[in-house]
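[1] sequence unavailable; structure follows:
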């Protein structure tokens, strides 16, 4: 990609920052054609982001962006969204604010045919405004898919405008992404694990549908 090649000085900071200078790869576009709103198709994974409703002085949208600069989810207060993703390892940016944006990183190691859940909650007066909580299968009663998640139908989203916003804000996002990547690298294994969706955290389609 010519744009990436022209920015070789960003190579030490990794592909997360590099890819923000280009456009999203076509293979990253996954059609959202799910038979059940919470069940992942056999060849894909589904990452459900849930944000509990809270009384806030102002509306703050949380944007989740992949390493290719593609917006995979936008979560407003009280929303729940389901992001279909390819199986494998993903580094995701959780972006809030605009001037400048605040970026926190999380990691997802996904298996095909499984659904994963992440709770996002806004906080005030802290450097990391989003509390990221990975819902662990092992922590649920009898390892059953969370009923509170199943009861809420994910919002349908058109993410093109969000991805365009990321592109136009790429200079500011790149700077903040570099800082977030350094913090991630300097964090302890325990801290990174807390922000990582593990493969065995997911539920199969049959487990998701079954009450």
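    Cool, got the structure. Since the model is a prediction, treat every value here as computed from it, not as a measurement.
[2] list the contacts of residue 138.
    Taking Cβ atoms under 8 Å, 6 or more residues apart in numbering as the definition of contact, the neighbours of residue 138 are 200-201. In short, each C-beta sits where N, CA and C put it, glycine included.
[3] one more time with 7 Å
    By Cβ atoms under 7 Å, 6 or more residues apart in numbering, residue 138 lies in contact with nothing.
[4] okay, now the unreliable bits of the chain?
    1-35, 56-58 (pLDDT under 70).
[5] longest helix in the protein, by number of residues?
    Determined from DSSP state H, the single longest helix within the chain is helix 170-186.
[6] quick one: list the elements packing against it.
    helix 15-19, strand 102-110 (3 or more Cβ pairs under 7 Å, 6 or more residues apart in numbering; DSSP states H and E).
[7] so residue 64: helix, strand or coil?
    Residue 64 carries the three-state label strand when classified by DSSP: H, G, I helix; E, B strand; the rest coil.
[8] and for residue 82?
    Bear in mind the rule, three-state DSSP; under it residue 82 is strand.
[9] next, count neighbours for the residue nearest to it when sequence neighbours are not counted.
    Excluding the flanking residues, the one nearest residue 82 by Cβ to Cβ, 6 or more residues apart in numbering is residue 154, at 4.0 Å. With neighbours defined by other Cβ atoms under 10 Å, the count for residue 154 comes to 20.
[10] so where does residue 154 fall, helix or strand?
    Element membership of residue 154, judged by DSSP states H and E, is empty: it is in no helix or strand.
[11] so who does it touch?
    For residue 154, the contacting residues are 37, 48, 80-82, by Cβ under 7 Å, 6+ apart.
[12] now the residues you listed as a markdown table including distance to residue 144?
    Shown next, in a markdown table, are the contacts of residue 154 (distance: Cβ to Cβ, whole Å):
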| residue | distance to residue 144 |
| --- | --- |
| 37 | 18 |
| 48 | 15 |
| 80 | 18 |
| 81 | 22 |
| 82 | 18 |
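[13] biggest separation within those residues, which pair?
    By the measure Cβ to Cβ, these have their two most distant members at 37 and 81, which lie 10.1 Å apart.
[14] more neighbours, those two?
    When neighbours are counted by other Cβ under 10 Å, residue 37 and residue 81 differ, and residue 81 comes out ahead with 22 against 18.
[15] surely residue 88 is in contact with residue 112?
    No. Applying Cβ atoms under 7 Å as the test, residue 88 and residue 112 come out as separate, 9.1 Å apart.
[16] and residue 90, that's in a strand?
    Yes. Assessed with three-state DSSP, residue 90 lies in a strand.
[17] my read is that it contacts residue 65, right?
    No. Counting by Cβ under 7 Å, residue 65 is not a contact partner of residue 90; they are 10.7 Å apart.
[18] give me the beta-bridge partners of the residue most central in space within the chain?
    With distances taken as Cα atoms, centre = their mean, the residue of the chain nearest its centroid is residue 64 (4.3 Å). Taking DSSP bridges, one finds residue 73, residue 94 as the beta-bridge partners of residue 64.
[19] contacts only, for it.
    For residue 64, counting by Cβ under 7 Å, 6+ apart, the contacting residues are 49, 72-73, 83, 92, 94.
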